[in-house]
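# sequence and computational prediction follow.
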Amino acid sequence: MISVKILRATFSALVCACLLSIVPVVLGQEASQSPSQSRPATRDDDINLDTQLYLILATNRDVEEGKSPAALDPIIKRLRDTLPFKHYTLAGTFLNRVKNNGRVDVSWVGGPFVSASTPVGNPSFNHFGTLVALATDADGAQIVRLREFQFTARVPIVIGRSITQNASTADQGFPVVNYEPVGLHTELSIREGVPAIAGTLTVGPSGDAVVVAISARRAN
């Protein structure tokens with residue numbers, strides 16, 4: 001007849017064996033459900049970026065220079081060192097949001113291109129578009145690629161004056177305006193959050209120029 005002590009020892013051994021077989025399974029489940037893995041990862045395509053377009057008027061005419069954002073200080077300094085203009089003033093800035101690997105495409109009517117030959121009341125017609133994508137350079141640093149970058153504008157240029165039979169206006173006439181297209185198309189990569197010069201455009205016979213600068217960074 002089996003003693004009570006032997007039965008108790010056998011039962012205890014079976015319980016310990018069961019517990020040892022269960023613990024690794026529980027630990028494995030807890031490890032597989034760690035916080036970093038339980039939450040869905042953000043895909044690159046779900047990231048939004050803010051693109052900021054800057055239009056800087058460069059001129060030798062006597063104009064008052066407005067205050068520019070501090071982020072443009074390195075660009076303004078470079079322009080003064082390389083281009084023969086006396087004054088640089090911010091003509092306009094435009095903020096647009098786009099998904100990573102998406103395209104921003106915007107057109108607007110405005111008057112940032114003001115020169116001595118631009119008649120009062122005649123606007124310019126502008127367009128900006130680019131494909132935006134996050135990437136890394138050869139050193140592993142984060143950059144933003146701007147593919148098919150384009151900025152175009154149709155600006156009013158006075159090409160003469162009309163002749164009128166009205167005696168009160170015969171001496172002056174009316175300005176004859178022709179809209180001339182200007183623009184640039186390029187491909188570029190920029191550091192995230194750092195404005196960079198995309199190109200310069202000569203606007204009108206006055207010799208003024210518009211400097212196109214761009215920056216892009218992940219949206220908050």
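Arrived safely, thanks for sending. Numbering: from 1, shown residues only.

# immediately after the host helix or strand of E187, which helix or strand?
Using DSSP states H and E, E187 falls within strand 174-191. Sequence-wise, the next helix or strand downstream of strand 174-191 (DSSP H and E) is strand 196-203.

# before we move on, the earlier item: partner strands of the strand holding E187, with direction?
Paired strands of strand 174-191, with direction, are strand 142-162 (antiparallel) (DSSP bridges).

# pLDDT on the strand it pairs with, on average?
Strand 142-162 shows a mean pLDDT of 89.

# how much space separates the closest residue to R191 other than its chain neighbours from L201?
Spatially, and ignoring its direct neighbours in sequence, R191 is nearest to I143 (5.9 Å; Cβ to Cβ, 6 or more residues apart in numbering). In this view, the C-beta of every residue, glycine as well, is placed from N, C-alpha and C. To L201, I143 is 25 Å away according to Cβ to Cβ, to the nearest Å.

# if we can go back for a sec, which parts of the strand holding E187 are buried?
Of the residues in strand 174-191, P175, V177, V182, L188, I190 count as buried by neighbour count, 16 or more other Cβ atoms under 10 Å.

# CA atoms only for that strand - export them in PDB, please.
What follows is strand 174-191, C-alpha atoms only, in PDB (Å, rounded to 0.1, in the frame of the first residue of the first chain):
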ATOM      1  CA  PHE A 174      -3.200 104.900 -71.000                       C
ATOM      2  CA  PRO A 175      -0.500 102.300 -70.300                       C
ATOM      3  CA  VAL A 176      -0.500  99.300 -72.600                       C
ATOM      4  CA  VAL A 177       0.200  96.200 -70.400                       C
ATOM      5  CA  ASN A 178       1.500  92.900 -71.600                       C
ATOM      6  CA  TYR A 179       1.700  89.800 -69.300                       C
ATOM      7  CA  GLU A 180       5.000  88.100 -69.600                       C
ATOM      8  CA  PRO A 181       5.700  84.600 -68.200                       C
ATOM      9  CA  VAL A 182       8.700  84.000 -65.900                       C
ATOM     10  CA  GLY A 183       9.500  80.900 -64.000                       C
ATOM     11  CA  LEU A 184      11.900  78.100 -63.000                       C
ATOM     12  CA  HIS A 185      11.900  74.300 -63.100                       C
ATOM     13  CA  THR A 186      14.400  72.300 -61.200                       C
ATOM     14  CA  GLU A 187      15.100  69.300 -59.000                       C
ATOM     15  CA  LEU A 188      16.700  69.800 -55.500                       C
ATOM     16  CA  SER A 189      17.300  68.300 -52.100                       C
ATOM     17  CA  ILE A 190      17.400  70.400 -49.000                       C
ATOM     18  CA  ARG A 191      18.100  69.900 -45.300                       C
END
